[in-house]
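S.K.: sequence and predicted structure, then a few things I'm wondering about:
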Amino acid sequence: MDLTLWLPGLFFLGLVGMGLMFAFVAGCDRV
Amino acid sequence: MWTLPLLIVITSVVLSVPCGFYLAWIVDGRYRAPRWLRWIEARLATGTQNWKQYAASLLLFNTVLFVFGFIVLALQPYLPFAPSGKGMLAPTTIFNSAISFFTNTDLQDYSGEQHLSYFSQIFFVVANMFLSASVGFCAFAAVVRGLRGDLHMGNYYVDMWRVVAYVLVPSSLLMGVVLMALGVPMTLEPTALVSTLEQGAMGRDDAGAAKPQEIARGPVAAVIPIKHLGTNGGGFFGANSAHPYENPDAWTNVLSCMNILIFPFSLVIMFGRMLKNMRHATVLFGTMMVLFVVMIGWAVYWDALQPNPALTAHAPLTDNAGKPYTIDVLGADGKATSKTIEVPALAALPVDQALGNLEGKELRFGTSAGPTFSAVTTAVACGSVNCMHDSLNPLAGITPMTGMWLNCVFGGKGVGMINLLIYLIVGVFLAGLMVGRTPEYLGKKVEAREMKLAMLALLIHPILILGPTGLFAALDWGTKATNNPGAHGFSEILYQFSSSSANNGSGFEGLGDTWGFNKPSENNSTPAPYSPQWDIAAGLVMLIGRFIPIIAAIALAASLSTKKMTPYTAGTLRTDTVTFGFVLLGTILLVGALLFLPAAVLGPVAEHLGPLPFGG
């Protein structure tokens, strides 16, 4: 696999996933 | 046969009582630590937190763990403690592993002794094992504080410190010493190279000299205790607890099972102690124990007391004239009788199935050890294995799947009880609807907001299992990665996503999900072609499946904590009676069956009934 593409891409995918969890906290507050 | 599971369960139950009292003492902060430990704790105490602050701290901490894990694995070739010079894993494997370990799943799309350096094993695997185990613990502590009406949820960092410093580290140190005494290696020496008795058994090099056998070893005794005590499951070796260095004999096997069960059992006691309602905790404990015993009994019966149907369910072979082969056998009365020979189609030699299905089992543990361990490890979301789950008889394979689907039969540390409380809220709601009363739990009314949060926590799990399973089963991503055709292949796909969503980490490891090192030349075997898809999909499922239930449950507990106590009346549904235990049991079985029975029928049940009509 091309490291210059996959490594940063997957790193940010993980961060985006965690960002969605933070958004879920905010969403639970509005339920 | 049955002595082993009875010994494990009874000993774990007995030990869980004092352990549960100890956990409550620690979590409530009623201990007095030495001054230097109090100094550290004081630095971490950033003040009491409401539920949003607690959840945000938990997520922030886990984000840091992800970043740390990703960087350590990406830099593996350049870091010290790598006597065997391991290369860099494939990026998708790094992604999957980083998520896997901080979510306490420990799904390993790699083989530990082949692909990880000692630095990665110590600073990535072990560190994540301690810290991720504490996350569920802390979340449950926050939920309990909310349920008992505390004004705040505590402080996440203080809870984390208490669990790591006063629970996991001491217990792991103790078990590490015991395991070393029983033969588990602990060394930083590189792989041992030994000359085999039969020269050239390992092949020959280009010069024609016999290659030595390479025996992997390492700091194994540092990993195994927290692997089980923290219900992590990620093994040092690819064979996990089937490997003789991780699990040398029957006694280490018993200890391993007890280590896996002790904290999930104790957390129920802790719950009762913190709420000052041991009767209620006893009802919950009893309900889960009923399910747990049935799961173990089912697995042992169908795997250790029933033969492998693939080796027995065959019509006798016939000769060219269509007559079955026969053999004359001398009976006890001295007379010869003719018996039809039944030759298993899969084996050149007849297989003795008197001890059940022994394929994929380690005999040093005993015949029922494999299915017992499979029930134990999947009930409490541990994920370590001492046998090949892919080799379990079809109906026996339902037990580990059920443990992961329900995810509340004791379940993982903290999150198992959280899941049980979600089922409990649903059960209380259903019971309230049936009698026309506003549902209540612990004197607090369960209203629309609580039910919405409970539904979010409850339904994300089956969505994360069934959606991806259906997608992968319909595409080459799944069908070309399975090791077995038909229904068993479907079971492999279903199991992988069940394991990921439940943060279990075990697998039906016939599935081709391993790429290995990024450079193809460094790999001993061909990378599985669809492993990037598996790595990414399972990684996202693990991440979402871990935090959605935790966050929703913390929010639910905080919502209940703000409500006024409703006085008990004659019409209140009591939660400390056997009747309530049956309500809870019925809710779990009903919801679990509705959600997962169709998938079970397509996989393990179809395989059991096979080969027609599903071609398994």
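M.R.: Looks like it arrived, so ask away. What you are looking at is a predicted structure, and each value in this text was computed from that prediction instead of being measured.

S.K.: excluding chain neighbours, what is closest to residue B:484?
M.R.: Counting by C-beta to C-beta, 6 or more residues apart in numbering or on different chains, residue B:484 lies nearest to residue B:510, which is 5.7 Å off, once chain neighbours are set aside. Where you see a C-beta, it was placed from the backbone N, CA and C, and this is true even at glycine.

S.K.: and for the closest residue to chain A within the stretch 251-400 of chain B, the neighbour number?
M.R.: With C-beta to the nearest C-beta, the shortest gap between the stretch 251-400 of chain B and chain A falls at residue B:381, namely 18.9 Å. By the other C-beta atoms under 10 Å in any protein chain shown criterion, the neighbourhood of residue B:381 contains 33 residues.

S.K.: which bits of chain A sit near chain B?
M.R.: In this structure, chain A approaches chain B at residues A:1, A:3, A:6-7, A:9-11, A:13-15, A:17-18, A:20-22, A:24-25, A:28-29, A:31, judged by C-beta under 8 Å from any C-beta of the partner chain.

S.K.: the residue positioned nearest the centre of chain A and residue B:539, how far apart?
M.R.: When C-alpha atoms, centre = their mean is applied to chain A, the residue found nearest the centroid is residue A:16 (1.5 Å). Residue A:16 sits 12 Å away from residue B:539, going by C-beta to C-beta, to the nearest Å.

S.K.: same question for residue B:150.
M.R.: In this structure, residue B:150 lies at 35 Å from residue B:539, with C-beta to C-beta as the measure.

S.K.: between the two, which is the more surrounded one?
M.R.: Set residue B:150 next to residue B:539 and count neighbours by other C-beta under 10 Å: residue B:539 wins out with 28 against 16.

S.K.: hmm, residue B:337 is touching residue B:328, no?
M.R.: Yes: applying C-beta atoms under 8 Å as the test, residue B:337 and residue B:328 come out as touching, 7.2 Å apart.

S.K.: comparing the two, which shows the higher neighbour count?
M.R.: Higher neighbour count among residue B:337 and residue B:328: residue B:337, with 11 against 8, using other C-beta under 10 Å.

S.K.: surely that one is within a strand?
M.R.: Yes: secondary structure assignment places residue B:337 in a strand (DSSP: H, G, I helix; E, B strand; the rest coil).

S.K.: which ones are touching it?
M.R.: Applying C-beta atoms under 8 Å, 6 or more residues apart in numbering or on different chains to residue B:337 gives the contacts B:328, B:329, B:331.

S.K.: could you redo the last one with a cut-off of 7 Å?
M.R.: By C-beta atoms under 7 Å, 6 or more residues apart in numbering or on different chains, residue B:337 lies in contact with B:329, B:331.

S.K.: which helix or strand contains the residue nearest to residue B:484?
M.R.: When secondary structure is defined by DSSP states H and E, residue B:510 falls outside every helix and strand.

S.K.: what's the distance between it and residue B:495?
M.R.: Note on residue B:510: its distance to residue B:495, by C-beta to C-beta, is 10 Å.

S.K.: okay, those two: which has more neighbours?
M.R.: The neighbour count for residue B:510 versus residue B:495, taken as other C-beta under 10 Å, is higher for residue B:495 (28 against 18).

S.K.: burial measure for the nearest residue to the more buried one once chain neighbours are set aside, as a count.
M.R.: Ranked by C-beta to C-beta, 6+ apart and with sequence neighbours excluded, the top spatial neighbour of residue B:495 is residue B:508, at 4.4 Å. Close neighbours of residue B:508, defined as other C-beta under 10 Å, add up to 27.

S.K.: am I right that residue B:508 is in contact with residue B:493?
M.R.: No: with contact defined as C-beta atoms under 7 Å, residue B:508 does not reach residue B:493; the gap is 8.7 Å.

S.K.: got the contact list for the closest residue to residue B:388 other than its chain neighbours?
M.R.: Taking C-beta to C-beta, 6+ apart as the measure, residue B:388 lies nearest to residue B:360, with 3.1 Å between them; neighbours along the chain are not counted. With contacts defined as C-beta under 7 Å, 6+ apart, residue B:360 is in contact with B:387, B:388, B:390, B:391.
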